[in-house]
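Undergrad: Take this sequence and fold it.
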Amino acid sequence: MMNSRIFIASILLFISLFQTYGQKTLTSEMMESSAVRFSLSEQHEINGAAKEQWTNWIADNQFVGLAEVHNSAQLSFFTKGILQVLKERGFENFAVEIGPNSAAVIQDITRNPSETSENIQQYSRRYAKSRKPLFVFFDKIEDSNFAEEASRLGFNLWGLDQEYLYSYEMHLDNIHKLAQNPTPEQEAYEKAKALIHKNIFKNKVSGQSVFCWYQSNEIINTYLKMMESNTKAKVIIDDMRESWDIYCKSATGQGSNQQRANYMKKNFKTYYEDSEEGNPKVFLKLGGIHLTHGRSIFGVDDMGKFLTETAKTSNVGFLSIRHLIAYRNGKSNVGKSRWKSTSLFLELGRKDQWTAIDLRPFKEMMQNGEIKVSKDIEFELNSYDILLLSPNDQYPKPNY
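TA: Next up is the predicted model:
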């Protein structure tokens with residue numbers, strides 16, 4: 001019996017070793033034949049064969065996510081172009097990594113597309129001076145390209161994230177505008193506004209995180225409680241309180257990544273269920289960690305996993321596009337510490353062209369044991385569908 005077990009174990013080991021040594025290790029050269037390279041027009045449009053390819057990839061997917069590397073000037077240009085393609089495929093909704101009340105303000109001040117950049121700048125300078133952004137991810141000059149295009153095409157802007165750290169004085173003003181009889185609340189409002197205005201750029205107040213301080217400050221909370229009977233005002237107040245709690249926990253080391261992800265999912269559900277379209281198609285532009293098909297690299301059950309499960313339950317599709325930056329200011333990112341885990345992909349980038357590759361065939365080859373990959377690349381293949389490498393990139397310019 002013992003000899004039989006040893007024999008079977010030896011056979012299994014032989015098969016395993018045969019499969020291992022029979023596999024090819026995935027290289028950038030193997031992926032090169034699948035690369036689609038293209039350029040945007042002077043107006044940042046996607047045309048010709050590239051447009052046809054992107055149209056095919058988008059196909060009938062209900063959700064399309066652009067998993068971005070933040071601070072990419074080139075990605076803002078691409079976003080403008082892909083919005084046009086998405087519109088032709090029936091997409092009407094654009095979900096972004098900002099708060100729902102900030103999204104409502106942006107939607108309002110960009111109704112005249114030609115005034116988009118100027119209006120965003122004016123609001124930023126009014127509330128966040130000229131040193132801080134007010135509308136994060138809409139705060140760069142290059143961002144105005146896609147913000148203007150989204151307005152021109154009639155996209156509904158969905159804000160999924162917490163309200164940004166410099167936006168609370170603006171939200172307080174918008175709460176007060178909703179007061180049915182502002183006289184009784186006027187003094188409380190002015191006191192709360194003065195406190196927020198004085199401390200909004202500080203990291204700590206009275207020895208604690210400014211966000212924890214917001215939560216406990218009696219003057220601020222007195223005014224907010226006075227306004228909670230107003231249904232519309234309460235929505236903004238609840239969002240502010242949730243945002244403060246997320247920031248406070250993060251600042252004090254308690255961890256709030258899952259809470260933040262849950263808040264984003266909650267906001268998405270609210271927009272989705274309130275949509276007049278029935279089954280709305282949604283384009284999402286979020287940081288790369290938020291749009292993985294499974295749990296994020298930080299182990300968070302994030303938006304991507306939620307969309308993957310929602311799409312499966314509803315028998316629709318979710319396409320996740322992984323954006324990476326191969327060159328910044330003319331220099332390659334291959335091998336640099338921040339980019340080591342994705343250097344295999346970065347090798348495919350070109351300084352003068354966009355590069356896109358469908359990762360799904362390589363994922364299937366990996367799952368079938370036909371190719372070997374590192375743990376990092378295995379995560380990438382399981383997490384995303386399309387790889388998008390921008391041409392030589394730059395940091396965008398502030399519009400505040």
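Undergrad: now Ser39, nearest residue through space, not along the chain?
TA: In this structure, Ser39 finds its nearest non-sequential neighbour in Gln353, 5.7 Å apart by C-beta to C-beta, 6 or more residues apart in numbering. For glycine as for every other residue, the C-beta is placed from the backbone atoms N, C-alpha and C.
Undergrad: okay but the one you found is in contact with Pro391, surely?
TA: Yes - assessed by C-beta atoms under 8 Å, Gln353 is found in contact with Pro391 at 5.6 Å.
Undergrad: quick one: common contacting residues for the two?
TA: With contacts taken as C-beta atoms under 8 Å, 6 or more residues apart in numbering, the residues that reach both Gln353 and Pro391 are Ser39.
Undergrad: Just want to know which of these two has more residues nearby.
TA: When neighbours are counted by other C-beta atoms under 10 Å, Gln353 and Pro391 differ, and Pro391 comes out ahead with 21 against 18.
Undergrad: and that one, how far is that from Ile141?
TA: Relative to Ile141, Pro391 is positioned 18 Å away (criterion: C-beta to C-beta, to the nearest Å).
Undergrad: Also Ala59?
TA: From Ala59 across to Ile141, the span is 33 Å (C-beta to C-beta).
Undergrad: what do you get for Gln74?
TA: Separation of Gln74 from Ile141 (C-beta to C-beta): 13 Å.
Undergrad: And those two? Which one has more around it.
TA: Taking Gln74 and Ile141 together and counting by other C-beta under 10 Å, Gln74 has the greater number of neighbours (22 against 16).
Undergrad: The more buried one is in contact with Pro391, isn't it?
TA: Yes - between Gln74 and Pro391 there is a contact at 6.2 Å, judged by C-beta under 8 Å.
Undergrad: Cross-check the contact I'm expecting between Arg241 and Phe211.
TA: No - Arg241 lies out of contact with Phe211 (C-beta under 8 Å); the separation is 10.4 Å.
Undergrad: Between these two, tell me which one has more neighbours.
TA: More crowded of Arg241 and Phe211, by other C-beta under 10 Å: Phe211, with 23 against 15.
Undergrad: does that one really touch Trp244, like I thought?
TA: Yes - Phe211 lies in contact with Trp244 (C-beta under 8 Å); the separation is 4.7 Å.
Undergrad: show me what contacts Asp161?
TA: Residues near Asp161 by C-beta under 8 Å, 6+ apart: Val96, Glu97, Ile98, Gly99, Arg260, Tyr263, Met264, Asn267.
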